[in-house]
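In: next come a sequence and a model predicted from it.
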Amino acid sequence: MPKPIKKVTDSANNTIEELRALLAEAENALGSAGDKADGKVEALRERLRNTLDEIRPKLEEWRDMAKEQVKRGDEYVHEHPYTAAGIAAGVAGVIGLLAGVVISRRS
């Protein structure tokens, strides 16, 4: 796997793991309320658990989508390197032009 794809994949995996840890902490917080919770807190706890259950599959889906898009982008750049370089140069030129206009207006 090329380094750029590996970096993005690693970043996506790290984000997924951080979100999983956050979900686990939220579940622990819900469980620690114990019997002290009244009706409103119990309803909130149930809504949060349902939301967490809905989010889990989406996290996996988002990770897979991100990996696929990175792979497609990498393939495109390898198949059309001059086009990719031209697009990058054009974007850099536009950013440079806009920066020049902003700087000149400040003077």
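Out: Cool, the structure landed. Numbering: from 1, shown residues only.

In: in the chain, which spans are helices?
Out: Under the criterion DSSP state H, the chain contains helices at 3-32, 39-79, 81-106.

In: put together a markdown table for those helices, with mean neighbour count on each row.
Out: Any C-beta I mention is one placed from the backbone N, CA and C, and that applies to glycine too. Shown next, in a markdown table, are those (neighbours: other Cβ atoms under 10 Å):
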| stretch | mean neighbour count |
| --- | --- |
| helix 3-32 | 12 |
| helix 39-79 | 12 |
| helix 81-106 | 10 |
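
In: let me have these in CSV, extended by mean pLDDT.
Out: Converted to CSV, the helices of the chain look like this (pLDDT from 0 to 100):
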stretch, mean pLDDT
helix 3-32, 70
helix 39-79, 82
helix 81-106, 94
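
In: ok, Thr83 - contacts?
Out: For Thr83, no contacting residues are found, by Cβ atoms under 8 Å, 6 or more residues apart in numbering.
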